[in-house]
Structures are given as structure tokens and as C-alpha cells.
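Participant: Here's my sequence, what's the structure:
(4 chains)
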Protein chains: 2
Amino acid sequence: MTKLSKDLIEMRDNNIGRLFQHAARCYSEQALSLLHERGFSDISLYHTVLISNLSSTGDQITTIADKAGITKQAMGQLVNELEKKGYIRKTQSPVDKRSYLIQFTERGQDALRAAYEVKLIIEKEYAEILGESNAKKLRNLLQKLINH
Amino acid sequence: MTKLSKDLIEMRDNNIGRLFQHAARCYSEQALSLLHERGFSDISLYHTVLISNLSSTGDQITTIADKAGITKQAMGQLVNELEKKGYIRKTQSPVDKRSYLIQFTERGQDALRAAYEVKLIIEKEYAEILGESNAKKLRNLLQKLINH
DNA sequence: AATTATAGTAAACCTACTTTACCTTTTTGC
DNA sequence: GCAAAAAGGTAAAGTAGGTTTACTATAATT
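Facilitator: Numbering: from 1, shown residues only, chains lettered A, B, ... in the order given. Here you go, the predicted model:
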């Protein structure tokens, strides 16, 4: 086996991009599964795009869409789905008849708190696996890479 | 603002899962863009699922599908697309009339080499941003997390 | 008052798949 | 050595998670 073909094989298994992807998928799957266990089994990963971008005081659809980086049409659909499921409320603005105010319902806030709990659990697990300081280091390195 | 709501806001911005996701997306986008610059502009991220799982000696469709973690139907489609684009060759097995051998063409091997080059470029950039030892540390921490 | 911009919706389309169902060929077990 | 099961592959329909294009209604600008 030549040096290059050995390198090519190594590339495909040990690629840093793949590690990122794999880590992201592991996190998502675990987080979603823990959230489901807590009684919010009708939430998909896609739904969290809304939930994690809606501010506690409420937002317009376009605002959330921009924050989430998707089109307002896609966000509009998400809003309708999560409204049906009872996680958010959609009320027409009294000052602007074109726009709606999207807000968490009680259940939505419960889900948000559960998500926070789940986050703490996973972070604790990561700290146990890597050690406290290494877990912090990992976060810092990622942040530094992304900020660039 | 209460402690909890501050925490909830912090969660949504600084979540480790999001950092993974963001890092993965940045890597993919840059890698694909560099690959396109090198003359392989008809390859999408989806196509790399085949390319990065096909061994240099060739494989069956089912084998690649399993390695990639997708169905053989999906892989079959990918194979047809990349065959049309000239990156792979699909020949019937002489010993098993059900099966095909999927292999890189010359162009496919060129693309693979270009992908390796791109990988080195991005890794070098990461090492410049974080420092050599930190870049290594990042990889190790991710690996450790994933292996768990 | 007319133009332009903004909020949102509708419908068609696209990518990246999975599911169900099927055909053909090979392997296994009796 | 033959029937049943397993394996390789394809076809077609369905699904998730979107985008694009086009539109309506309202608000802001000049």
C-alpha cells in the first residue's frame, strides 16, 4: 500500500469535519431522547429550531426566521405546527395588522425548562468523560474556531 | 431578569451541541467550496457520502450503504448519479450475477486526491487559529467523546 | 396620494432520504 | 439435489425539512 492511499484511507475515518458531525449528531440524539422521556415526545429536532430561537417576550415570525437562518415561510409552517401541539401562541398584533406575536404557552415554557435540564445533564456527562477542565477547553476551542 | 431565564437564554446561545453543529457546518461548507474550486463543482455534500465510503479496491452497493449508514436504495441512487458524472464505474460481478462492483474512475481518484488536499488545507488553517497542540487536543477530545 | 417596503401566506418544487414491495440469484439445510 | 431462506439490487411512493416564486394585505416613506 502506497503512502498516499494509506493517507486517503486515514482521511476518511479520522477527518475533523466528520468528528464534528458525529459529535453533533450524538448530542442531538441524546438531547432529543431525554426531552422525549420528560413528556415532550411530540417535539422533533426540526421543532427545536423555533423553540431555541424564540425569545421569552415573544417575537414576530420573520424575526425568528432570521435568527434561525431559515425562510419566513418555513418558520410560518413551524409556527403552525407548534401552535397545534400547544407549545406556542400566535396572536395578531394590535398595532400592526400584518404581523403576529409568537409566544411560548405554559407548556412551551415547560419544554424550554426541560431542555435546559437536559443540557445540564449532558454537559455533566461530558465533564465526567473528559474531566471538567478538558470539557471547558473543548468548548473554548470550538468557540474560537467558529468565531474565526 | 430571573436567574433561570438568564440561564435559558445562555443555553440557547452557548450550547455545546450547537457549537458542534456550527463547527460541522463550517467545515463542510469550506471543504465543499475548496473542492469546487479545484474543478469538481458537480459534487454535492450528499455525494461525498459515497466517495468517502468507497474503498480503493471497490465495493458492493450494499457494503457502501452499510458503511455510510444509509439504505441500499439510497446508495443505489447515489451510485447512478456519480456514475453519470463520471466519478465511479459500475461493473457486474462475474461470480455473482446479483451484484455489482463499484469502483472509482480516474476522475473519481482525482476527486479523492483533491479532497485529501482540501482536508490538509483546512487542518493547517485550524492549527494556525488554535495552535498546533490545541488543534490536536481538540481532535482527541472529540474522539474521546465519540468513543464513549 | 403614490410608491415602496414589510409581514405573512400559498403552492410548487427540491434534496435527501426511508418504507414497502418486488425480482433475481445465491446459499443453506435437510 | 431441491425447497426455503437469505442476499443483492431496483422501483415507486412517501416523508422531512426545507427553498423559490408569486401573491395579498398593511404600513411607512416621500
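
Participant: so where do the helices sit in chain A?
Facilitator: Counting by DSSP state H, chain A has helices at residues A:3-14, A:16-37, A:48-51, A:61-68, A:72-84, A:106-130, A:132-147.

Participant: ok, and which of those has the densest surroundings?
Facilitator: helix A:48-51 (a mean of 22; mean count of other Cβ atoms under 10 Å in any protein chain shown). From N, CA and C alone the C-beta is placed, and that goes for glycine too.

Participant: Could you see whether DNA strand C lies near that one?
Facilitator: No: judged by Cβ under 7 Å from any atom of the strand, helix A:48-51 makes no contact with DNA strand C; its nearest approach is 12.3 Å.

Participant: for the record, mean pLDDT for that helix?
Facilitator: The average pLDDT within helix A:48-51 is 96.

Participant: Now do the same for residue A:118: its pLDDT.
Facilitator: 95.

Participant: Would you agree it is in contact with residue A:29?
Facilitator: No: at 11.8 Å, residue A:118 does not count as touching residue A:29 under the criterion of Cβ atoms under 8 Å.

Participant: joint contacts of those two?
Facilitator: Shared contacts of residue A:118 and residue A:29, defined by Cβ atoms under 8 Å, 6 or more residues apart in numbering or on different chains, are absent.

Participant: hmm, back to that, if you average pLDDT over each of the helices of chain A, which comes out lowest?
Facilitator: helix A:3-14 (a mean of 61).

Participant: Distance check, residue A:62 against residue B:107.
Facilitator: 44 Å (Cβ to Cβ, to the nearest Å).

Participant: try residue A:130
Facilitator: 42 Å.

Participant: Ok, residue A:87 next?
Facilitator: From residue A:87 over to residue B:107 the distance is 49 Å, taken as Cβ to Cβ.

Participant: Over to residue A:84?
Facilitator: From residue A:84 to residue B:107 the distance is 49 Å (Cβ to Cβ).

Participant: follow-up on the earlier one: and the helices of chain A as a markdown table, adding distance to chain B?
Facilitator: Listed next are the helices of chain A as a markdown table, based on distance: least, Cβ to the nearest Cβ, whole Å:
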| stretch | distance to chain B |
| --- | --- |
| helix A:3-14 | 5 |
| helix A:16-37 | 4 |
| helix A:48-51 | 9 |
| helix A:61-68 | 10 |
| helix A:72-84 | 16 |
| helix A:106-130 | 5 |
| helix A:132-147 | 4 |
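
Participant: right, so of those helices, which gets closest to DNA strand D?
Facilitator: For these, the distance to DNA strand D is smallest for helix A:72-84, at 3.6 Å, taking Cβ to the nearest atom of the strand.
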